[in-house]
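Trainee: got a sequence here, can you model it:
(one chain, ligands or ions: 1)
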Amino acid sequence: MTATIVWLREDLRLADQPAFAAAAREGGVIPVYVLDDETPRHRRIGSAQRWWLHHSLASLDADLRKRGSRLILRRGVAADVLADLVAETGAERVHALRHYAPWWRNAERALGGKVDLVLHDGVCLLPPGEVRTGAGDLYKIFTPFWRALRDRMPPAASIPAPERLTVAEAWPASDTLEDWALLPARPDWAGGFNVWTPGETGALERLEAFLPNVAAYDATRNLPSEEGVSYLSPHLHFGEISVAEVWRRAAARPGAEPFLRELAWRDYAQNVILARPDYGKANGLPAFDPFPWRDIADPDVAADFRAWCRGETGYPIVDAGMRELWATGWMHNRVRMIAASFLVKHLLIDWREGERWFWDTLVDADYGSNSVNWQWTAGTGIDANMFVRIMAPLTQSEKFGAADYIRRWVPELSDLGDAVIHDPDDHDARPAAYPEKRIGHRAARERALAALSTIR
Ligand SMILES: Cc1cc2nc3c(=O)[nH]c(=O)nc-3n(C[C@H](O)[C@H](O)[C@H](O)COP(=O)(O)OP(=O)(O)OC[C@H]3O[C@@H](n4cnc5c(N)ncnc54)[C@H](O)[C@@H]3O)c2cc1C
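Mentor: Predicted coordinates:
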């Protein structure tokens, strides 16, 4: 019997997975995941995502075993490991989904030069690069991108999960998940991650739980104290559910458009990194290259950065968000915007420092979505919120009703009432255990605008 390898990356599912479907038609299937910390170099999978990956791979292996198959785990440079595995097993070809992070495109090119690699679309609603302006260019601005994408929806019908995968004649050797030590041990900081159920079943359950709320999403999505969003981002990042399936299921309900529009941001981000592979480190607007960010090597700046990471800035909404991130690996979108803006504009610290922190601590860290959103918030991006629009964290906190959210994540403030909790200093109500503001809003605003004027 011929054998075919399915190379899995952030597409850890069986349903609506064209690489599995194509391989299953050809004979014996060998599903392989390669832990590759070398090809992405400093973009190796971050600590929070290693936790997720462990559980997601365990879940996929269990699902495969129900179909008479199993997951083969190998470690090393993906293109080399897979080429060796093809030689070892006599596999005829490798099927995989196409990915858009620059290191994955390099790995696809390298592997394609060695073996018969068949790449399938399935990571986005539409393959990045396909949505273009009338002049044939890629869209820089989200709103026209969204309109063009929407005109080409809905996505094609779902591909069912293979009921039984034909088994390879002999299984190649596999590492074990324990060999990879993906879970934190000393200390185990992932206790709060138990709010998540990584894997295809967990992803589907999340979607089912969210669908009845889709019509209310527009009204609740900015309210961190409420459960108004889908919490699907890590499942979507790891490809445990296809974004097309999320679209189809949500679009079948009335009032789904605001949610579908947010899904399109994910596609948009992949389009941006396809056009600008260095978007995680290079300003979208080169005019910002000489911007006088404060020097992180300076001990005062380093202390500000540490306070931001730990949720000790003295701004309750920022601190609640940063602590939610540390505890659960996730942060509400509105609070991500406020916390990111605070780092960049109030503390005047380069957006790349924040992007790196999020890379390590988010369970949904995604090269496209993270860099696009950081650059959007910082005002340095190709589709940018202007730098001069400096978010006032305290006003945002009040406007979006964050009192319960703050009480939950900042226990020092849990006894404060709604009227004072957003800005305890201003009401002379700051408990001694809660830190002072690192900098006042007005002073921060003036400093940020003065810095901006130097590059104008
Ligand atoms: C500074 C900053 C950094 C971010 N980094 C990431 C990241 O690394 N990975 C990530 O997936 N999202 C990132 N986001 C976007 C957004 O915050 C999350 O996608 C969202 O909070 C996830 O929660 P949810 O699944 O409940 O989203 P919902 O509101 O339920 O949205 C559904 C899905 O749409 C997509 N989506 C929604 N908003 C955005 C957006 N602005 N950009 C891209 N996709 C979006 C996500 O896949 C999300 O799961 C970032 C936002 C900011 C401001």
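Trainee: CA only for contacts and neighbour counts going forward, please
Mentor: Will do.
Trainee: would you mind listing what in the stretch 351-456 of the chain touches the ligand?
Mentor: 364-366, 369-370, 373-374 (Cα under 6 Å from any ligand atom).
Trainee: same question for the chain.
Mentor: Checking the chain against the ligand by Cα under 6 Å from any ligand atom, the hits are 229-233, 236, 262-263, 265-266, 332-333, 336-337, 340, 364-366, 369-370, 373-374.
Trainee: next, format the residues of the stretch 351-456 of the chain next to the ligand as CSV and append pLDDT.
Mentor: Conversion of these to CSV gives the following (pLDDT from 0 to 100):
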residue, pLDDT
364, 98
365, 98
366, 98
369, 98
370, 98
373, 98
374, 98
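Trainee: which among the residues you listed count as buried?
Mentor: In terms of neighbour count (16 or more other Cα atoms under 10 Å), the buried residues within these are 364-366, 369-370, 373-374.
Trainee: take those and keep only those in helices.
Mentor: For those, the ones inside helices are 369-370, 373-374, with DSSP state H as the criterion.
Trainee: domains for this protein, by residue range?
Mentor: Under the assignment named as automatic domain parsing, the residue ranges that make up the domains of the chain are 3-123, 124-155+201-275, 286-453.
Trainee: chain center to the first one, what's the gap?
Mentor: Looking back up the chat, that one is domain 3-123. On the basis of Cα atoms, centre = their mean, to the nearest Å, domain 3-123 is displaced by 19 Å from the centre of the chain it belongs to.
Trainee: next one: the longest one
Mentor: For domain 286-453, the distance from its own C-alpha centre to the chain's C-alpha centre is 18 Å (Cα atoms, centre = their mean).
Trainee: quick check: end-to-end length of that domain?
Mentor: Distance across domain 286-453, first residue to last, is 15 Å (Cα to Cα, to the nearest Å).
Trainee: list the buried residues of stretch 297-308.
Mentor: Of the residues in stretch 297-308, those buried by neighbour count under the rule 16+ other Cα under 10 Å are 301, 304-305, 307-308.
Trainee: pLDDT weak spots in the stretch 201-350 of the chain?
Mentor: Residues of the stretch 201-350 of the chain that meet the criterion pLDDT under 70 are absent altogether.
Trainee: residue 96 in helix, strand or coil?
Mentor: Secondary structure of residue 96, reduced to three states by DSSP: H, G, I helix; E, B strand; the rest coil: strand.
Trainee: what separation is there between residue 315 and the ligand?
Mentor: Here the distance between residue 315 and the ligand works out to 17 Å (Cα to the nearest ligand atom, to the nearest Å).
Trainee: please disregard the earlier target; I meant residue 5.
Mentor: Taking Cα to the nearest ligand atom as the measure, residue 5 and the ligand are separated by 28 Å.
Trainee: give me the contact list for the strand ranked longest in the chain.
Mentor: Ranked by residue count, the top strand of the chain under DSSP state E comes out as strand 28-35. The contact list for strand 28-35, computed with Cα atoms under 8 Å, 6 or more residues apart in numbering, reads 1-9, 23, 69-78, 81, 165-169, 171.
Trainee: can I get the buried part of the residues you listed as one PyMOL selection?
Mentor: Burial among those is assessed by 16+ other Cα under 10 Å; the matching PyMOL selection reads:
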select buried, resi 3+4+5+6+7+8+9+23+69+70+71+72+73+74+75+77+78+81+165+166+167+168
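Trainee: show me the contacts of strand 28-35 that map onto helices.
Mentor: Among the contacts of strand 28-35, DSSP H puts 23, 78, 81 in helices.
Trainee: dump the residue contacts of the first one.
Mentor: Listed by Cα under 8 Å, 6+ apart, the contact set of residue 23 reads 4-6, 29, 95.
Trainee: out of the residues you listed, who's nearest residue 316?
Mentor: Residue 316 has its nearest neighbour among the contacts of residue 23 in residue 6, at 46.9 Å by Cα to Cα.
Trainee: that closest one and the ligand, how far apart?
Mentor: Using Cα to the nearest ligand atom, one obtains 24 Å as the distance from residue 6 to the ligand.
Trainee: what residues are bridge-paired with that residue?
Mentor: Residues in a beta bridge with residue 6, per DSSP bridges, are residue 31, residue 95.
Trainee: wait, it sits on residue 91?
Mentor: No: counting by Cα atoms under 8 Å, residue 6 sits too far from residue 91 to count as a contact (10.3 Å).
Trainee: need the contact partners of stretch 56-75.
Mentor: Counting contacts by Cα under 8 Å, 6+ apart, the residues touching stretch 56-75 from outside are 12-13, 29-36, 81, 163-167, 172-177, 198-200.
Trainee: ok, now stretch 420-440?
Mentor: If you take Cα under 8 Å, 6+ apart as the criterion, stretch 420-440 is touched by 304, 312-317, 346-347, 394, 397-398, 402-403, 406, 412-413.
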